[in-house]
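Trainee: based on what follows, work out the 3D shape:
(one chain, ligands or ions: 1)
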Amino acid sequence: MSIIGSRELIRDINEKTILKTIFLEKQIDRASLARKTGLSSGTVTKIVSSLIQKGLIVEMGESDSTGGRKPILLCINKDYGSILGVKVGVGYLYIMITNLNGDVLAKSRLDYGEEADPINISNIIKNYVEEQNKNSLVGIAVAVSGTVDPVKGVVLDSFLLNWKNVKFASLIKKVLKAPVYLINDVDSFTIAHLWKGKLVNYKNALVITLGTGIGGSMVVDGELYTGNGGAGEFGHMTIIDKGNKCSCGNQGCLEAEAGFDALATKIYERTKSIALKEAYRNYKNLETSQIDFLKLALKEDEKIFKKVFDEYSYIIGIAIKNLINIYAPECILIGGEALEFSQYFLEKSIKFAKTAAFGNLGERVTFEIDNLGADAWILGGIYKVIQEEIFYVDIQKNG
Ligand SMILES: [Zn+2]
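Mentor: Numbers count the residues shown, from 1 in each chain. Predicted structure coming up:
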């Protein structure tokens, strides 16, 4: 690295540090900024002027101060650009556009049919962005189930979408001409909660999402733990020997025994309701139709529905108990589409897990329930775009 190169690098790092501090503090005056970053007030003043000129930050209001001149507060210019976020679900896209604060400017749920064709999906996304005609795109976040290579922009394995080594980032980049970041959907869910949801105040936590798939992730020391890539596939721990066949190729995984499809099939096998049998035969393997089927089951055969959800509460309880014994988390955050039916299982699952966990580990866990809803699947990806495009310093490029 040359000396000139490193001077530029230091300037760049200082600039990003200031941006990040303003972003995290939401609003801050110049003197506090110098204190927080450890930079001299001269450096802060110079960098802040340049950032205002670039349109990345703006001055606003005055902070409370006793006596003397009130300092001016700085905050991120939330309208500097917009960010597109997409969750590719089973049969649908959940898509939103936000500003730099993560405030939602537009959102929509678009069905794409039974086959998750990457080219068709990229065209649907392109059309949506053209219709919305929002501010210029700073970047795009795409959340999918399964494992991704964020650096190469490749979906390595998404069993639910039936994707293997799909170069999805370059497909989207081709039609929308903005940087694209791929992220696992449960990781996105978790980062969203660390940013502006239920995990803001926790250092060590687990996340488990229940729906068509069962996903998980871990927070260690306030950060998402990714292991060697792909950590937290709680849905694929074996819980029944030689059980149902799973989308991952194994048998008896938690997801195969307690995903929506397993619940629907159990109801179909046991019910005597002709309407339900008929509905199951016409049932498509999509998350929306699975939820509709379960709702119909509650209406048509409440007894069987409740029995199946009783068993479900037990299976989920076992899984959570095992996770508590391994991780001893401060908090377990539960999310996913199954929360729509939470009154039929959640309390029982938590009670079982708390009682059955080792020693007093269960009593020490605080359970939190998702409050961001479907937005969480995308907001974490949007945070990642902000981080990479606004705060991150590319040392290779600068060196
Ligand atoms: Zn599996």
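Trainee: give me the residue from the stretch 51-200 of the chain nearest the ion.
Mentor: As assessed by C-beta to the ion, the ion sits closest to F159 within the stretch 51-200 of the chain, at 7.5 Å. Yep, even glycine has a C-beta here, placed from its N, CA and C like the rest.
Trainee: quick one: contacts for the closest residue to that residue other than its chain neighbours?
Mentor: Sequence neighbours aside, S247 is the residue nearest to F159 in space, at 3.9 Å (criterion: C-beta to C-beta, 6 or more residues apart in numbering). Neighbour list for S247: 159-160, 213, 255-256 [criterion: C-beta atoms under 8 Å, 6 or more residues apart in numbering].
Trainee: just checking, the residue of the stretch 51-200 of the chain closest to the ion touches C248?
Mentor: Yes: here F159 lies in contact with C248, judged by C-beta atoms under 8 Å, at a distance of 5.2 Å.
Trainee: ok so, going back, of the contacts of S247, closest to I22?
Mentor: Closest approach between the contacts of S247 and I22, by C-beta to C-beta: G213, at 37.3 Å.
Trainee: what about that closest one, how many residues nearby?
Mentor: G213 has 26 neighbouring residues, counting by other C-beta atoms under 10 Å.
Trainee: please verify my assumption that it contacts G235.
Mentor: Yes: using C-beta under 8 Å, G213 is in contact with G235, at 5.9 Å.
Trainee: what touches both of those two?
Mentor: Taking C-beta under 8 Å, 6+ apart as the criterion, G213 and G235 both touch 255, 259.
Trainee: for L323, phi and psi?
Mentor: Main-chain torsions, L323, degrees, to the nearest 10: phi -70, psi -40.
Trainee: could you verify my assumption that it touches V207?
Mentor: No: using C-beta under 8 Å, L323 is not in contact with V207; the gap is 10.3 Å.
Trainee: how about the residues of the stretch 101-250 of the chain by the ion?
Mentor: By C-beta under 5 Å from the ion, the part of the stretch 101-250 of the chain that sits against the ion consists of 236, 246, 248, 250.
Trainee: now do the contacts for the last one.
Mentor: When contacts are counted by C-beta under 8 Å, 6+ apart, N250 is found next to 236, 238, 256.
Trainee: which residue, other than its chain neighbours, is closest to E233?
Mentor: G216 (6.8 Å).
Trainee: so who does the one you found touch?
Mentor: Listed by C-beta under 8 Å, 6+ apart, the contact set of G216 reads 186, 206-209, 232-235, 323.
Trainee: re the thing from before, turn the residues of the stretch 101-250 of the chain next to the ion into TSV, including pLDDT.
Mentor: Putting these into TSV (pLDDT from 0 to 100) gives the following:
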residue	pLDDT
H236	95
C246	94
C248	89
N250	95
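Trainee: pull out the buried members of those.
Mentor: Buried members of these, counted by 16 or more other C-beta atoms under 10 Å: 236, 246, 248.
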